[in-house]
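> Here is my input; please provide its structure:
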Amino acid sequence: MEFETIVNTEADLVPFSQKIADLCTDQCCIALHGDLGVGKTTFVKVLGRIWGIEDVKSPSFGIVDVHQGNRTLVHIDAYRLKQGRLSEFDIDDLCRPPFCLIVEWPECLTDAPTFDLHLHFSILPNQARLVRIYDKPIFS
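From the prediction side, this is the model:
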């Protein structure tokens, strides 16, 4: 499966995020790829709102944030881990169905889970964001 969309504003993320929410099973793992500042965390915030979660923020310093809404949203920012292991964070205990595990910078993990979706974010020359969805890893 491949799909892409162009996002100009955060409001543009709402229908896109709804499509992703509709693709999520009761146990979904999503990898977010792209440079700093391309909108990965903003996407997670919008997706969280769809599931009734209002307090999503970047987990950069805490590494792992867990949010409860219509499903559990486990949000990981692996950027600072550099060869880190998810097993250090008892992720299995946090991921009780229905859940969505979202990992920013999954390439920094040595024990990344099998992801159902890979989203690759990039910035276009006009500052809009291009988001591509794949069911296998794609790195820039």
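
> use CA for all of it now, contacts and neighbours both
Will do.

> so what's Cys28 bridging to?
Legend: beta-bridge partners of Cys28 under DSSP bridges are Cys100.

> Help me confirm that it comes into contact with Asp116.
Yes: look at Cys28 against Asp116 with CA atoms under 8 Å: they come within range, at 6.3 Å.

> Of those two, which one has the most company?
Cys28 (20 against 17; other CA atoms under 10 Å).

> In space, not sequence, find me the middle residue of this protein.
For the chain, the residue nearest the mean C-alpha position is Ile102 (3.9 Å; CA atoms, centre = their mean).

> For it, give me phi and psi.
Main-chain torsions, Ile102, degrees, to the nearest 10: phi -120, psi 130.

> Also Leu109?
When quoted as degrees, to the nearest 10, the phi and psi of Leu109 stand at phi -100, psi 140.

> That one contacts Arg80, doesn't it?
No: using CA under 8 Å as the test, Leu109 is too far from Arg80 to be in contact (10.1 Å).

> more crowded one of those two?
Using other CA under 10 Å as the criterion, Leu109 and Arg80 rank with Leu109 on top: 17 against 12.

> so the more buried one bridges to which residues?
Counting by DSSP bridges, Leu109 is bridged to Gly84.

> which intervals of the chain have sub-threshold pLDDT?
Scanning the chain for pLDDT under 70 picks out the ranges 1, 82-83, 136-140.

> Which residue comes closest to Ser58 once chain neighbours are left out?
Nearest residue to Ser58 in three dimensions, chain neighbours excluded: Thr41, at 6.0 Å (CA to CA, 6 or more residues apart in numbering).

> The one you found against Lys57, yeah?
Yes: using CA under 8 Å, Thr41 makes contact with Lys57 at a distance of 7.1 Å.

> More neighbours: which of the two?
Each of Thr41 and Lys57 had its neighbours counted (other CA under 10 Å), and the higher figure belongs to Thr41 (21 against 12).
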